[in-house]
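*Asks:* let's see this in three dimensions:
(one chain, ligands or ions: 1)
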Amino acid sequence: MDKIVIKGERPLKGKVKISGAKNSALPILFASILTEGWNTFHNIPNLRDIQTTTQLLEFFGMKLKNGWINHTGDFCVTANGFHSHEAPYELVRTMRASVLALGPLLSRLGKAKVSLPGGCAIGARPINLHLKGLEQMGAKIEIEGGYVNATAKKLHGARVNFDTVTVTGTENLMMAATLADGETILENAAQEPEVVDLAHALIKMGARIDGAGTKTIRIEGVPELRGVEHTVIPDRVEAATFMMASAITGGNILIENTHSSDLESLIAKLTETGVKIRQEKEGLRVEGPKKLKAADITTAPFPGFATDFQAQFMACMTVAEGNSTITETIFENRFMHALEMIRMGANIKIEGKTAIVSGTKKLSGAPVMASDLRASAALILAGLTADGITEIHRVYHIDRGYEKIEKKLRKLGAKLKRVKVKY
Ligand code: EPZ
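*Replies:* Here you go, the predicted model:
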């Protein structure tokens, strides 16, 4: 169990290169289950969740060509030689996204046994909509001993209308539909950039997909898919985190290789708080003001304000001028970072789905506990602006979604280090 120790009050300056998107790389790696032949994926981030996915693909019997080719984020994988269709609890419990094996295994092999992901700090996160959609496509689903047992002689097309927008639900069914008989229509589909990136990779593989990035996606099944070469998009959540790190420290940074089109709702909000953001040739320039102004947010599916940006935005609002309200509509328990920020002197009141943040002059450094991936990023931001020393415990959460975050922050002038904790 490591901790990150930060000495705050240093404005960030310089350039940062954003890694490949975790939430795009994960479904694309699982999509390789569908293909005959080798796939080469570029810009795959070296994260714990990616390593877990590697273990899962090997567990199914898939071949990886030395996994990481000279650690440039290139990744070769082929789906020949399956000897298992089971995603075991030991692996799934560490990464909920393992549920993305369900659709591809079912579509390619006609069977899949995937452990139910179980609870998570930010909410119950059921997969009922994934299962309901697969049943509509002809799958027989049984839940037994904490596992989903799914079989299907051959999936067929269906019209699936999601009661709630679900990112991995959309991805799972889109992948399953690529080899199904006939047309599948996904309505009220997720429009996140990662869904679009997955669709681009699947289309290169030979899938017939229309409408990815809109609320209605049409997939016409084909007999088989072939291995391809694909480069994963940059991680907009990592980019957002660095934008808010510059905002909260009154910094001036250039975020390279970033698509501002994926960040419009955040750019609008941060501009409202007094942050100056402009697109330059090599990337996005983000200049934080001396003092941020308060602004209200309500999280929503893309293109709304992303729930994955909420904790980091709350950190910014704790030291803004005025009061802000932060409403979390996607997950039922995504305010745990607030309790830790209050220990640093923040003034936050939680009322159901809404947190009311009254900006204070300054935060004071303190030992705090990370509870989930984006909460740990938010606590790093709080530590960057706080006076004195902040210690963030349980940083294994951060290793799931941010590649070399301390190195990137130190390069921007932050004073932080990772310390091994014995107990
Ligand atoms: C994806 O999770 C992301 N993970 C999450 O990022 C992100 O926070 C989330 O989408 C929302 O944008 C990956 O892409 C790997 P959902 P996902 O299904 O797909 C309910 C991070 O920090 N729901 O869109 O699991 C669910 O409970 C992670 O990288 C059902 O009720 O989220 C939630 O309230 C955290 N039944 C809402 O929908 C279902 O079958 C949205 O969840 C599925 C979802």
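*Asks:* how near is the closest residue to residue 372 other than its chain neighbours to the ligand?
*Replies:* Excluding the flanking residues, the one nearest residue 372 by Cβ to Cβ, 6 or more residues apart in numbering is residue 121, at 4.4 Å. (Each C-beta comes from the backbone N, C-alpha and C, glycine too.) Between residue 121 and the ligand the computed distance is 10 Å (Cβ to the nearest ligand atom, to the nearest Å).
*Asks:* and residue 121, how many neighbours?
*Replies:* The tally of other residues near residue 121 (other Cβ atoms under 10 Å) stands at 15.
*Asks:* same deal with residue 261?
*Replies:* For residue 261, using other Cβ under 10 Å, the count is 11.
*Asks:* that one and the ligand, how far apart?
*Replies:* 17 Å.
*Asks:* now that residue: phi and psi?
*Replies:* Main-chain dihedrals, residue 261, degrees, to the nearest 10: phi -60, psi -30.
*Asks:* contacts only, for it.
*Replies:* By Cβ atoms under 8 Å, 6 or more residues apart in numbering, the contact list for residue 261 is empty.
*Asks:* the stretch 101-250 of the chain: strands as residue ranges?
*Replies:* Ranges of strands in the stretch 101-250 of the chain, per DSSP state E, counting those that start in this stretch, are 111-115, 140-144, 147-151, 159-161, 183-187, 208-210, 216-220, 225-226, 229-231.
*Asks:* so which residues on the chain come close to the ligand?
*Replies:* 23, 26, 97, 123, 125-130, 164, 166-169, 307-308, 330-331, 373-374, 401 (Cβ under 6 Å from any ligand atom).
*Asks:* type out the PyMOL command that picks the buried ones from those.
*Replies:* Here is the PyMOL selection string for the buried members of those, based on 16 or more other Cβ atoms under 10 Å:
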select buried, resi 23+26+97+125+127+129+130+166+167+168+169+307+308+330+331+373+374+401
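*Asks:* I'd say the residue nearest to residue 372 and residue 371 touch.
*Replies:* Yes. Look at residue 121 against residue 371 with Cβ atoms under 8 Å: they come within range, at 4.9 Å.
*Asks:* pick the most deeply packed of the strands of the stretch 101-250 of the chain.
*Replies:* strand 111-115 (a mean of 22; mean count of other Cβ atoms under 10 Å).
*Asks:* re earlier: CSV please, covering the strands of the stretch 101-250 of the chain and showing mean pLDDT and distance to residue 301.
*Replies:* What follows is these, written out as CSV (pLDDT from 0 to 100; distance: least, Cβ to Cβ, whole Å):
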stretch, mean pLDDT, distance to residue 301
strand 111-115, 95, 24
strand 140-144, 96, 25
strand 147-151, 96, 24
strand 159-161, 98, 15
strand 183-187, 98, 14
strand 208-210, 98, 19
strand 216-220, 98, 14
strand 225-226, 96, 28
strand 229-231, 96, 24
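*Asks:* of these, which is nearest residue 288?
*Replies:* Nearest to residue 288, of all the strands of the stretch 101-250 of the chain, is strand 229-231, at 30.9 Å by Cβ to Cβ.
*Asks:* other SSEs contacting that closest one?
*Replies:* Where contact means 3 or more Cβ pairs under 8 Å, 6 or more residues apart in numbering; DSSP states H and E, strand 229-231 is packed against strand 38-42, helix 193-204.
*Asks:* weakest of those in terms of mean pLDDT?
*Replies:* Within the helices and strands packed on strand 229-231, confidence is poorest for strand 38-42, with a mean of 92 (mean pLDDT).
*Asks:* name the surrounding residues that touch the following helix or strand past that one.
*Replies:* Once strand 38-42 ends, the next helix or strand along the chain (criterion: DSSP states H and E) is helix 48-60. Contact with helix 48-60 is made by 22, 25-26, 29-30, 32-33, 44, 64, 67, 77, 82-88, 91, 94-95, 97-98, 101, 105, 396, 399-401, as judged by Cβ under 8 Å, 6+ apart.
*Asks:* and residue 317, how far from residue 104?
*Replies:* Separation of residue 317 from residue 104 (Cβ to Cβ, to the nearest Å) stands at 40 Å.
*Asks:* what stretches of the stretch 151-300 of the chain score poorly on pLDDT?
*Replies:* Counting by pLDDT under 70, the stretch 151-300 of the chain contains no low-confidence residues.
*Asks:* burial check on residue 351, number of neighbours?
*Replies:* 9.
*Asks:* what is it paired to in the beta sheet?
*Replies:* residue 354 (DSSP bridges).
*Asks:* nearest spatial neighbour of residue 255, skipping sequence neighbours?
*Replies:* residue 284 (4.5 Å).
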